[in-house]
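Undergrad: Okay, here's the prediction I keep looking at, along with the sequence it came from:
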Amino acid sequence: MCIGIPMKIESLPYPGRAVCSGRGQTENLDVLMLGDVQIGEWVLAWNGMGTKKITEERARQVDAALDALEAAMNGQTPDVEDAFADIVANTGKLPPHLQAQLDKKEKH
């Protein structure tokens, strides 16, 4: 797993490239593996590439988590409950495909 930086597509200068901004920086990303992308969409960026399309809500969640990590690295105490709310909400829950297997096993 890699940590991607959420970035918003600002322009599409030519096929397979997107100028994106996020977390105070602007990058010209390779977006070929994402298929059709549009101005205003959000992507996770890593190593000069758009790796995944994400929603604006997911971009905010990732930004909050990255802000918390940065604060911790600077000796501050981040609000972990808020920064990682999506993880906290799912703690102790199996992913749906694994829960289905467990349910099936319990029936036998």
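TA: Thanks, I have it. Keep in mind that this is a model prediction, so the values were computed, not measured.

Undergrad: how far away is the closest residue to Leu44 other than its chain neighbours from Trp46?
TA: In space, Leu44 comes closest to Gly4 once its chain neighbours are excluded; the distance is 3.0 Å by CB to CB, 6 or more residues apart in numbering. All C-beta spots, glycine's among them, are computed from the backbone N, C-alpha and C. Taking CB to CB, to the nearest Å as the measure, Gly4 and Trp46 are separated by 5 Å.

Undergrad: Which of these two has more residues huddled nearby?
TA: Regarding Gly4 and Trp46, a neighbour count based on other CB atoms under 10 Å identifies Gly4 as having more, with 20 against 14.

Undergrad: buried residues in stretch 84-103?
TA: Along stretch 84-103, the positions that meet the burial threshold by neighbour count (16 or more other CB atoms under 10 Å) are Phe84.

Undergrad: do the same with stretch 65-85
TA: Taking 16+ other CB under 10 Å as the neighbour-count basis, stretch 65-85 is seen to contain the buried residues Ala65, Leu66, Ala68, Pro78, Ala83, Phe84.

Undergrad: Could I get the CA-only coordinates of the longest strand belonging to the chain as CSV?
TA: Of all the segments of type strand in the chain, defined by DSSP state E, the longest one is strand 5-14. Written as CSV, here are the backbone C-alpha positions of strand 5-14 (Å, rounded to 0.1, in the frame of the first residue of the first chain):
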residue,chain,number,x,y,z
ILE,A,5,-1.8,12.7,-2.0
PRO,A,6,-5.3,13.9,-2.9
MET,A,7,-5.3,16.3,-5.9
LYS,A,8,-8.0,18.0,-7.9
ILE,A,9,-7.7,18.0,-11.7
GLU,A,10,-7.4,21.7,-12.8
SER,A,11,-6.6,21.2,-16.5
LEU,A,12,-6.0,18.6,-19.1
PRO,A,13,-3.2,19.9,-21.3
TYR,A,14,-3.1,16.8,-23.6
